[in-house]
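Undergrad: Need the 3D shape of this:
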Amino acid sequence: MSQVKTGNQVHDAAVNKSEGVLQAATVNGAAQPAANTAAIAHYRTCLASALANNCGSEPFRSALRTLGVNS
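TA: Reported below is the predicted structural model:
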């Protein structure tokens, strides 16, 4: 699991919690559509937190675009 450390504890906690949910959803080789759905939910959560906490949002927007989602 990756760790986010922006210095904004609220955002860092939200992203790390979401990362844990993503990891749990994709454990043991989840089917690709399910893994994509979990990743989209994760990056949307991260983006919402970044915007709410005035943190950089581009990495999350980029990840969503990679998954075919306009952010």
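Undergrad: Quick one: the helices in this structure, in order.
TA: Ranges of helices in the chain, per DSSP state H, are 9-25, 32-52, 58-66.
Undergrad: What count of nearby residues applies to residue 52?
TA: 11 (other CB atoms under 10 Å). Just so you know, the C-beta spots here come from the backbone N, C-alpha and C atoms, and that holds for glycine as well.
Undergrad: how much space is there between it and residue 66?
TA: From residue 52 across to residue 66, the span is 23 Å (CB to CB, to the nearest Å).
Undergrad: And for residue 57?
TA: To residue 66, residue 57 is 15 Å away according to CB to CB.
Undergrad: got it, and residue 49?
TA: From residue 49 over to residue 66 the distance is 19 Å, taken as CB to CB.
Undergrad: which one of those two has more residues nearby?
TA: Taking other CB under 10 Å, residue 49 and residue 66 do not tie; residue 49 has more neighbours (23 against 10).
Undergrad: Surely that one and residue 15 touch.
TA: Yes. Using CB atoms under 8 Å, residue 49 is in contact with residue 15, at 6.2 Å.
Undergrad: where are the low-confidence patches of this protein?
TA: The model of the chain has pLDDT under 70 over residues 1-2, 71.
Undergrad: No further queries at this time; thank you.
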